[in-house]
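A.B. asks: Sequence first, predicted coordinates after that:
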Amino acid sequence: MGKYDFYYPKLKKKKFEFEKKILKFKKEKDENKKICFAQNALSYAAFNGCGYFYCAELEKFYTDLAKKYDLKNYNINFIPNSVLHVMTTCYNSGGHTRVVEGWIKRADSNQKHSVVLLKQVSREIPELLKENIKNKNGELFIFNLDDNQIEKALKLRKLALEYEFIVLHTHMDDPVATIAFGSEKFTRPVILFNHADHMFWIGKSIADITADIQGGSSITPSKRLIKNPFFLGIPYDDKKIEYSKEEAREKLDIPLDKKIVLTIGSDFKYFPFGKISYKKSLEKLFEKDKNLLFFAIGVKKSNPFLQGLNKEHLKRIVFLGNLDYEKEVLESVEINIQYEGYIKKANKEAEKMLLLENKLLPENISYQKIPNLASEARQKLEEIKPITLGQASRISGVNPADIAILSVYLKKEVKLN
């Protein structure tokens, strides 16, 4: 049996399900219902890996809608050197929004870069995105969630006429831009930034240029039948590293003999796929190498994929949560990682905690001011007010990690005083 033979029946089943949805969509005569069926098929294909990378019937349907719904006036002059970035939504974490932020940041100062959000559910817009837009003389537009696809498309078309170039960063199953720019009367250049090459997406029919983030991809020309895609890549800061790996480990209190594995992704990206289980792979890595430490950004400890994970292995995972990549957050992450280093050391050398039995705690110590203490531990310590670290370690609800944090705090206080 081949390596991927297990997945072929699943792929065939999903392909058949998508084709059923397309057939239902094609049979429907009522426009509103047809729009709903089209969206249903789009979303299914985008998130279920059914073997399709685009759909000609859906592309034609949305461009036909574009021609049906028109603007009264297309005679609007654009602002030279202006770019409108079209996004479905933006996020505080992940690479999608970081690309847009980086694109705008690196643009020439004489350019105008604006962003329009078509379906922004969360009102928390990353500060860096807002700052970069402002620095490039741009504006941030947030469309009303209550507007339907046609209403949004016409608003987008009218807004886009004021800009020289349009760049699409939309979600794979968002057809609003296709309806907005599918009319022959709209003549501004449209660049589709292909941020999800491995997935199905809509928008092929309206793109003057498809910009791939990886060079040499065969999917764009062979599966989407797009000729001569443009390789753009991902912008990044070429920052000079000011210290070595050894110095970084020392700064973050990570022992030199430890091997570091870093994973970055939203919770849903860790769910099992067929026989591929992230949890099982993680267990094998931990069993194979006792010196492995695992740093996770984005995924939460409560993620279902972690349920049932060996408790000893769980201790070797440092959860950093969602990051918004602002300077202040990165500094706080550095502090958290530093504490995690002390915690791991403390757990590893639990026997040595007895040496702290007679370590006195200051009478005026405020546990509320000590960062990273567990809420239960902070409450118990405030109520009981132990005299020594040894006494604190025996309080129910105060675990070794809390004692390690207290120990670090006391050492720092001694140095400061």
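C.D. replies: Arrived safely.
A.B. asks: Please make it C-alpha for all contacts and neighbour counts, starting now.
C.D. replies: Fine.
A.B. asks: Give the residue spans of the protein that score low on pLDDT.
C.D. replies: By pLDDT under 70, the low-scoring segments of the chain are 1-4, 6, 94, 235-243, 268, 272-275, 305, 322-358, 413-417.
A.B. asks: make it 90
C.D. replies: Along the chain, the parts satisfying pLDDT under 90 run over 1-12, 47-51, 70-77, 91-98, 102, 109, 121-128, 195-199, 211-417.
A.B. asks: in it, which spans are strands?
C.D. replies: Assigned by DSSP state E, the strands in the chain fall at 79-87, 112-117, 140-142, 163-168, 190-194, 209-212, 230-231, 259-264, 292-297, 317-321.
A.B. asks: who's in contact with the third one?
C.D. replies: Strand 140-142 has contacts (C-alpha atoms under 8 Å, 6 or more residues apart in numbering) with Ser114, Val115, Val116, Leu117, Leu118, Lys119, Gln120, Lys130, Ile133.
A.B. asks: now these in TSV, with neighbour count and distance to Leu410?
C.D. replies: Shown next, in TSV, are these (neighbours: other C-alpha atoms under 10 Å; distance: C-alpha to C-alpha, whole Å):
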residue	neighbour count	distance to Leu410
Ser114	23	50
Val115	21	48
Val116	21	50
Leu117	20	48
Leu118	25	51
Lys119	21	49
Gln120	18	45
Lys130	16	40
Ile133	21	44
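A.B. asks: Switch the strands of the chain over to CSV; also include distance to Asn364.
C.D. replies: Compiled in CSV, the strands of the chain are given as follows (distance: least, C-alpha to C-alpha, whole Å):
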stretch, distance to Asn364
strand 79-87, 53
strand 112-117, 51
strand 140-142, 50
strand 163-168, 58
strand 190-194, 58
strand 209-212, 60
strand 230-231, 62
strand 259-264, 39
strand 292-297, 36
strand 317-321, 31
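A.B. asks: Of all these, which one is nearest Lys68?
C.D. replies: strand 190-194 (20.1 Å; C-alpha to C-alpha).
A.B. asks: one step back: taking the contacts of strand 140-142 as a set, which two sit the farthest apart in space?
C.D. replies: Lys119 and Ile133 (18.6 Å).
A.B. asks: returning to that earlier point: which of the contacts of strand 140-142 lies closest to Tyr7?
C.D. replies: Within those, the smallest distance to Tyr7 is 33.5 Å, found for Lys119 (C-alpha to C-alpha).
A.B. asks: And the closest one, how far from Tyr163?
C.D. replies: Using C-alpha to C-alpha, to the nearest Å, one obtains 21 Å as the distance from Lys119 to Tyr163.
A.B. asks: for Ile317, same thing?
C.D. replies: 47 Å.
A.B. asks: next one: Ile125
C.D. replies: Taken as C-alpha to C-alpha, the span from Ile125 to Tyr163 is 23 Å.
A.B. asks: Quick check: buried residues in stretch 204-214?
C.D. replies: For stretch 204-214, burial by neighbour count (16 or more other C-alpha atoms under 10 Å) applies to Lys204, Ile206, Ala207, Ile209, Thr210, Ala211, Asp212, Ile213.
A.B. asks: neighbouring contacts of that stretch?
C.D. replies: 54, 59-60, 63, 178, 181-182, 189-195, 197, 224, 226, 229-234.
A.B. asks: can we see that at 7 Å?
C.D. replies: The contact list for stretch 204-214, computed with C-alpha atoms under 7 Å, 6 or more residues apart in numbering, reads 59, 178, 181-182, 189-195, 229-234.
A.B. asks: Over to stretch 360-368?
C.D. replies: Residues contacting stretch 360-368 (C-alpha under 7 Å, 6+ apart): Arg378, Glu382, Ile387, Thr388, Leu389.
A.B. asks: Show me what counts as buried in it.
C.D. replies: So, applying 16+ other C-alpha under 10 Å, buried residues of stretch 360-368: Leu361, Tyr367.
A.B. asks: okay, how far is it across it, tip to tip?
C.D. replies: 18 Å.
A.B. asks: same thing with stretch 113-133?
C.D. replies: So stretch 113-133: terminal residues 6 Å apart, C-alpha to C-alpha.
A.B. asks: start at 27 instead
C.D. replies: Yes, from this point I'll number from 27; that puts the last item at stretch 139-159.
A.B. asks: What number of residues are in the vicinity of Tyr189?
C.D. replies: For Tyr189, the count of nearby residues is 23 (other C-alpha atoms under 10 Å).
A.B. asks: do the same with Pro330
C.D. replies: 14.
A.B. asks: how close does it get to Lys341?
C.D. replies: Counting by C-alpha to C-alpha, the gap from Pro330 to Lys341 is 17 Å.
A.B. asks: same thing with Lys230?
C.D. replies: 47 Å.
A.B. asks: can you check Glu54 too?
C.D. replies: Counting by C-alpha to C-alpha, the gap from Glu54 to Lys341 is 55 Å.
A.B. asks: And for Ile252?
C.D. replies: Distance from Ile252 to Lys341, by C-alpha to C-alpha: 48 Å.
A.B. asks: again with Val147
C.D. replies: 35 Å.
A.B. asks: Now list the buried members of the contacts of stretch 230-240.
C.D. replies: Looks like those have 85, 204, 207-208, 215-221, 255-257 buried, using 16+ other C-alpha under 10 Å.
A.B. asks: and which of those residues is nearest to Asn336?
C.D. replies: His221 (35.7 Å).
A.B. asks: For Lys306, see how far away that closest one is.
C.D. replies: Distance from His221 to Lys306, by C-alpha to C-alpha: 29 Å.
A.B. asks: Return the residues in contact with the closest residue to Met198 other than its chain neighbours.
C.D. replies: Nearest residue to Met198 in three dimensions, chain neighbours excluded: Trp227, at 4.2 Å (C-alpha to C-alpha, 6 or more residues apart in numbering). Counting by C-alpha under 7 Å, 6+ apart, Trp227 makes contact with Ala72, Phe79, Tyr80, Met198, Asp199.
A.B. asks: How many residues are close by Tyr100?
C.D. replies: 13.
A.B. asks: should've said Thr89
C.D. replies: 22.
A.B. asks: Please look at Ser72 and Asp223 and confirm they touch.
C.D. replies: Small correction: residue 72 is Ala, not Ser. No: Ala72 lies out of contact with Asp223 (C-alpha atoms under 7 Å); the separation is 11.1 Å.
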